[in-house]
Each structure stands twice: as C-alpha cells, then as structure tokens.
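**Student:** Could you work out the structure for the sequence below:
(2 chains)
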Amino acid sequence: MNRFSTNLCIALILGGAAAMALLNLATAPEFGLHVPTYAVSLVGKYLCYAILALALDLVWGYAGILSLGHAAFFAIGGYAMGMYLMRQIGTRGVYGNAILPDFMVFLNYKELPWYWHGFDNPLFALSMALIVPALIALVFGYLAFRSRVSGVYLSIITQALTYALLLAFFRNDMGFGGNNGLTDFKDMFGLRLQDDNTRVGLLLASAIMLVLCLLVARYVVTSRFGRVLIAVRDTEARTRFLGYRPESYKLFVFVLSAIMAGIGGALYVPQVGIINPGEFSPANSIEAVIWVAVGGRGTLVGAILGAILVNAGKTYFTGAFPEIWLFALGFLFILVTLLLPKGVLGLLQSKRQAKPGESKP
Amino acid sequence: MTIGPVSGSLLYLNGVSVSFDGFRAINNLSLVLEPGEMRAVIGPNGAGKTTMMDIITGKTRPDEGQVIFGAETDLTRLDEPAIAALGIGRKFQKPTVFEPHTVWDNLLLALAGDRRPRFTLWARETSEEQDRIEEILATIRLGDLRRMRAGDLSHGQKQWLEIGMLLAQEPQLLLVDEPVAGMTDSETAQTADLLREINRTRSVVVVEHDMEFVRALGVKVTVLHEGSVLSEGSIDHVSADPKVIEVYLGR
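**Tutor:** Down below sits the predicted model:
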C-alpha cells in the first residue's frame, strides 16, 4: 500500500470537510462559494459510506472475505444511534409520551422493551453501535471460519445474514419500528439536529472518524499481522502448514471491520434523519462491494475514493436521469471489472509510476 | 513386514489406512523414520505418496492406524497448525510461497515464533530475526533477491524459497513433495546439495518421481504401491527388486 496516497487522502478528507464547514458557517447564502447545509449533510453521508467501504475493503481486499452482507453491520450501528435519537424526542412526539416512542404508543406497547433501556444515554448508545455489530460478527465469523467456509459459500451466507435481519426488522413485534423504522428525530447531545452547527459538527465528526478508521486499517494491514492476512488470502493452506491459524486472523479482521461499519452507520443516521429495514437490503451490501471494486480493492484509499465517486455519481444521475441510474451502476461495475481490475486508484497509480524519472516505490 | 520399536524413532506409522469414497488411498501403511534420517519415498502415480504427507501433517485423518511423532505424540489428534508447531514442515508439490510479499517477508512470516494475532499485530522485526533470515538467505542462495516479490521469482527460485521458509520454521522433520519437478539439471543438482545440507541438522522425507535425483541423494528408499510399502532399502536394492520392476515396467 502506498503511504503517499494514504496521507494525501487524509489531507483531502480533513481539508475538504474543514473548508465545507467554513464556507457553510462563515459565509452568507448570497456569497458565491457558500456551501448550503443540504450539501454538508450530503457529503457527510458520503463519508459514512466511505467508512463502510473501508471496512469492506479490509475484509475483502486483505482477507479475501467477500462479504455481501456488510451493510448489516452498518445498519445495526445506525439502529443503535436511532434508538438514542428516538429516546431524545420525549414528549415532543405526536403522542407526547415521555418514555415510549410514537410507534410503540401506536402499537399499544405498555412499557419500554428491555433492550431499549439505557439508550437514553448517548455513551451507552454509541458503545452499542460498536458492540452489537462486533458481537454478531464474532459469533457469525467464529462459526463460519472455524468450519472453513470460504469463497462463494461464505458470500452467500453473509447475504443470508443481512436478508434474515431485513426480515426480522420488518416485523412490528421486533420493537424497532417495523417497516417505517426510526425517524422524526429532534436533537442529539442537546443540539437541534436541524441546526447548521449540528450538521457541520456531524460532517466533521464523520471526516475525523473516517480518518481514524483509515489510520487503524493502515496500521493493521502494514503490520506483520497484515502480511499474514494477505498470505492467508492468497495461500491459506501454506499459512496453516506454517503454524498459523487462519481462522483467528480472519475473525479478528472481520470483527474489526464490523465495528468500523457500525461507526459508519451510527454517524449516518443523524445526517439522513431515518433508519429503516431497507438498510439491510442485500442490494445495499452489493452496492458497497461495487464502491470498493470501482475505487480499487485492497488499497484502503481506493475504497474511500470509490464510495465517494459512485455516490456522487448516484446523486447526480438519480436527479438528472433517474430511470437510468441502475443501468449506469451496472455498466460501471462491468467496465471496472473488465478494464480496471485495480480500480480507479490502480489507474492513477500506474499513471504516476509511468512518468519518466520516477522510481517504483 | 516387521516394524521396529516405537522408542527412539522420530516418526512411526503403523497400520495406517484411509479411504476416499471407497478407494483405499493408503492401505495398512507402516513406516519408521529415525532421528536425523533422510528418506526418499518413490512410487507410481496414485501410490499414496501425497496422501501419506497429508496424514502426517494433519490435513487428512486416517481411518485407522497409529501416527506417532517423537516419543509419544499422536499426530492423528492434531490439526495442521498444531503439527506445524511441533516441528513438522511441509513443502508442497507446486511451489507455494506468498507471492505478493518480498522474499524477505516470506522468510520473516515463516520464522519460528508466536503465531497468534495478538503477537503479530504488534510485532517488530528484531535483530535476531534479521540475522536468522540472512543465514537462511545464504543457505538457499537468494541473498541478492531479498527485496524481490516472491511472485516474480523463477520456478526453481520459488522452490528454494519455500524450502527456506521450511528452514525458518526450524522443524525437526521436513516433508518435501517433488522438490525438483520442473527444474533444470543444474537446479536439480543444487537442490540435492541443499537437501543434504539441511539433513545435517534435520530429518527429511523426500517424495520424488525423478530416479536420478533419488540416486544422487544416496539415501534409504521406500517404494510405495497402492497405498502400502512395496520395498525398502538402498536405491540399488529396490531397483533390483522384481516387485518394483514389475510395478514400474510391468504394464
């Protein structure tokens, strides 16, 4: 992995987010370079997707685990945050119940389900956004990797995992708002969610968390652990006969990746204002795979680049030509698979290396 | 055939059998390897050579029989990483190295040491490790290529790198599957030298098709046929054995 591109990426994320923050808060709407608040939240959303893409690249690019259910961890992180935001609504809900969220009153709940307790505490909710994805990944990964499930079979059961969660969260009696999910949030940490300051704060928090995740991921993949992981990805049998236990390497990185995805989801929900079971849809997880493939699998920075590029493209296309977006996405995936096996980042790097007088890294 | 006492042997296989879908790949196989010995195992295709290695390294569990390493370690109860940790290294038929990594990193990952994630996550290269890698690079004659990607090595160089990785593991016993397949004559001769050098400190089992190579090694030979031992002794002894001649030339 290229140190230069990682550092450049970090500078761009932090610099870009800070510039947007400044242009939103310190300039008047009439000013030509003013950044409207909706754009702040849009970019914040892209950065959350980038965290998911980074998490996916860590398992797919470096451990060869093609997870087609990674958006499940993202969604669970989102639900944990959503539960906190629901509890903050209090008496401002339609039914004015201080304890029960609106959907529970509507569904005739008499008291808060046990698993909703504690979510009025932001620290508890935030830690659940990390712990619950980590636990699910731990149990799922332990069983899958211990039984040496790999390749396409593993991909299929990750898909089944997210689909099962999709169906479960659709049910009203799960106590997570069923089909409608959790929405109508008012404030967070005592700040109104609609305020520009809060929006900018969330953007900056997303940028900082993305950079932290990138730094952790870079440390992991460049450590000796990371080199074993790449060895496991390419030549699992050899690592086993050398005395390594591939399953513990995969499990560690899978859990770490699930935690990162959970962080992404927790930051995503306050910025988009809703979390519903649709986030568990298998298509979401597959889209995340496309971001990573487009940006460049196994490069970390490429995953971030891919998530931002594809989502910016999605925003543009779904506005300008809504009916062709899915075709464009499918075409993009085919194009990248055929022509850019190392993604956009691979293309950029080969251009850089091709320049005369520059030595290979 | 009779089998020597367990005590004193490094590897002891007794009455081992394994079937795949009704096909007896290994049939009542018995074999004793002394500490410090080098043994060549030959036999026609399908004789069970690779399956025997799979059983010793824990990849395949035998249906019956004993596989004892050292004084009393029962290998049939252990899996691959546990057996590797005991000091049994294995070279595959097809050279299997970590292609995206440098020659240096391949050896570093193979060096004996803590294999747990909680160690490798924080591990820093120590000067002892560097000395050890330098030593192995000299043995396998790849010192000038230390920074090269293993995937860019020639076929023969990959074979040596893999042997170097086995050395780095510091095993007591090395199982080497067809080390000279696809090698040039000079590479073959160098590989024979390398194996003899390794054998000065470790026991080696070499599975090989190439009779010239086996002759060059000059060690005791076990001939496998249909999953059991057909003949055993010096290369001249086994190649004069009528049973061996029939198996190799008779049909």
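**Student:** tell me the phi and psi of B:Leu137?
**Tutor:** When quoted as degrees, to the nearest 10, the phi and psi of B:Leu137 stand at phi -60, psi -40.
**Student:** Run through the stretch 151-251 of chain B and note the low-pLDDT ranges.
**Tutor:** Across the stretch 151-251 of chain B, residues meeting the criterion (pLDDT under 70) sit at B:249-251.
**Student:** wait, isn't B:Val219 in contact with B:Ala40?
**Tutor:** Yes. Using CB atoms under 8 Å, B:Val219 is in contact with B:Ala40, at 5.6 Å. Glycine gets a C-beta too; all of them are placed from N, C-alpha and C.
**Student:** Please identify which of those two sits among more neighbours.
**Tutor:** B:Ala40 (24 against 18; other CB atoms under 10 Å in any protein chain shown).
**Student:** is the more buried one in a bridge, and if so with what?
**Tutor:** Counting by DSSP bridges, B:Ala40 is bridged to B:Val206, B:Val221.
**Student:** Okay, it and chain A: tell me how far apart.
**Tutor:** Counting by CB to the nearest CB, to the nearest Å, the gap from B:Ala40 to chain A is 21 Å.
**Student:** May I have the residues that are in contact with that residue?
**Tutor:** B:Val206, B:Val207, B:Glu208, B:Val214, B:Leu217, B:Val219, B:Lys220, B:Val221, B:Thr222, B:Ile235 (CB atoms under 8 Å, 6 or more residues apart in numbering or on different chains).
**Student:** ok, so of those residues, who is nearest A:Leu23?
**Tutor:** Using CB to CB, B:Val207 is the member of those that sits closest to A:Leu23, with 69.6 Å.
**Student:** which ones are touching B:Ile163?
**Tutor:** The neighbourhood of B:Ile163, defined by CB under 8 Å, 6+ apart, consists of B:Lys91, B:Ile140, B:Val176, B:Pro179, B:Thr191, B:Leu194, B:Leu195, B:Ile198.
**Student:** Can you pull the residues of chain A lying near chain B?
**Tutor:** A:220, A:223-225, A:227-228, A:230-231, A:234-235, A:237-245, A:248-249, A:252 (CB under 8 Å from any CB of the partner chain).
**Student:** and B:Asp114, which of the three is it?
**Tutor:** Classification of B:Asp114 using DSSP: H, G, I helix; E, B strand; the rest coil returns coil.
**Student:** Tell me which residues touch it, please.
**Tutor:** Applying CB under 8 Å, 6+ apart, the residues near B:Asp114 are B:Thr120, B:Ala123.
**Student:** For the host helix or strand of A:Glu287, which helices and strands make contact with it?
**Tutor:** For A:Glu287, the enclosing helix or strand under DSSP states H and E is helix A:282-295. Under the contact criterion of 3 or more CB pairs under 8 Å, 6 or more residues apart in numbering or on different chains; DSSP states H and E, helix A:282-295 touches helix A:37-63, helix A:71-89, helix A:151-170, helix A:301-320, helix A:325-339, helix A:343-354.
**Student:** mind listing what's buried in it?
**Tutor:** A:282, A:284-295 (16 or more other CB atoms under 10 Å in any protein chain shown).
**Student:** Please dump those into JSON lines; it should also carry pLDDT for every row.
**Tutor:** What follows is the buried residues of helix A:282-295, written out as JSON lines (pLDDT from 0 to 100):
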{"residue": "A:Pro282", "pLDDT": "94"}
{"residue": "A:Asn284", "pLDDT": "94"}
{"residue": "A:Ser285", "pLDDT": "95"}
{"residue": "A:Ile286", "pLDDT": "93"}
{"residue": "A:Glu287", "pLDDT": "93"}
{"residue": "A:Ala288", "pLDDT": "95"}
{"residue": "A:Val289", "pLDDT": "94"}
{"residue": "A:Ile290", "pLDDT": "92"}
{"residue": "A:Trp291", "pLDDT": "94"}
{"residue": "A:Val292", "pLDDT": "94"}
{"residue": "A:Ala293", "pLDDT": "92"}
{"residue": "A:Val294", "pLDDT": "91"}
{"residue": "A:Gly295", "pLDDT": "91"}
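**Student:** For B:Asn28, state which of those is nearest.
**Tutor:** Top of the list for closeness to B:Asn28, among the buried residues of helix A:282-295 and by CB to CB, is A:Val289 at 50.6 Å.
**Student:** pretty sure the closest one is in contact with A:Ile65, am I right?
**Tutor:** No. With contact defined as CB under 8 Å, A:Val289 does not count as touching A:Ile65 (11.5 Å).
**Student:** Now do the contacts for the residue in chain B that chain A sits nearest to.
**Tutor:** Nearest residue of chain B to chain A: B:Ala84, at 3.6 Å (CB to the nearest CB). Contact analysis of B:Ala84 by CB under 8 Å, 6+ apart lists A:Arg240, A:Phe241, A:Leu242, A:Gly243, B:Thr57, B:Arg90, B:Gln169, B:Pro171.
**Student:** So for the spatially closest residue to the fifth one that is not a sequence neighbour, what pLDDT did the model give?
**Tutor:** When you say that, I think you mean B:Thr57. Spatial nearest neighbour of B:Thr57, chain neighbours left out: B:Arg90 (4.9 Å); criterion: CB to CB, 6 or more residues apart in numbering or on different chains. pLDDT, B:Arg90: 91.
**Student:** Over to A:Leu112?
**Tutor:** For A:Leu112, pLDDT reads 91.
**Student:** Quick check: it touching A:Leu100?
**Tutor:** Yes. Under the criterion of CB under 8 Å, A:Leu112 makes contact with A:Leu100 at 6.4 Å.
**Student:** Give me the more crowded residue out of those two.
**Tutor:** Of the pair A:Leu112 and A:Leu100, A:Leu100 is the one with more neighbours under other CB under 10 Å, namely 20 against 16.
**Student:** gap between B:Tyr248 and B:Pro44?
**Tutor:** In this structure, B:Tyr248 and B:Pro44 are 7 Å apart, going by CB to CB, to the nearest Å.
**Student:** Same question for A:Thr318.
**Tutor:** Between A:Thr318 and B:Pro44 the computed distance is 65 Å (CB to CB).
**Student:** for A:Leu339, same thing?
**Tutor:** Relative to B:Pro44, and taking CB to CB, A:Leu339 is found at 47 Å.
**Student:** who touches the closest residue to chain B within the stretch 251-361 of chain A in this structure?
**Tutor:** Nearest to chain B, among the residues of the stretch 251-361 of chain A, is A:Phe252, at 4.8 Å (CB to the nearest CB). For A:Phe252, the contact set (CB under 8 Å, 6+ apart) comprises A:Phe225, B:Pro117, B:Leu121.
**Student:** before we move on, what about B:Glu99?
**Tutor:** If you count contacts by CB under 8 Å, 6+ apart, then B:Glu99 has A:Asp234, A:Thr235, B:Arg149, B:Ala150, B:Gly151 around it.
**Student:** what's the spacing between stretch B:76-90 and its chain's center?
**Tutor:** 13 Å (CA atoms, centre = their mean, to the nearest Å).
**Student:** List the residues that contact B:Ala85.
**Tutor:** B:Ala85 makes contact with A:Gly243, B:Arg115, according to CB under 8 Å, 6+ apart.
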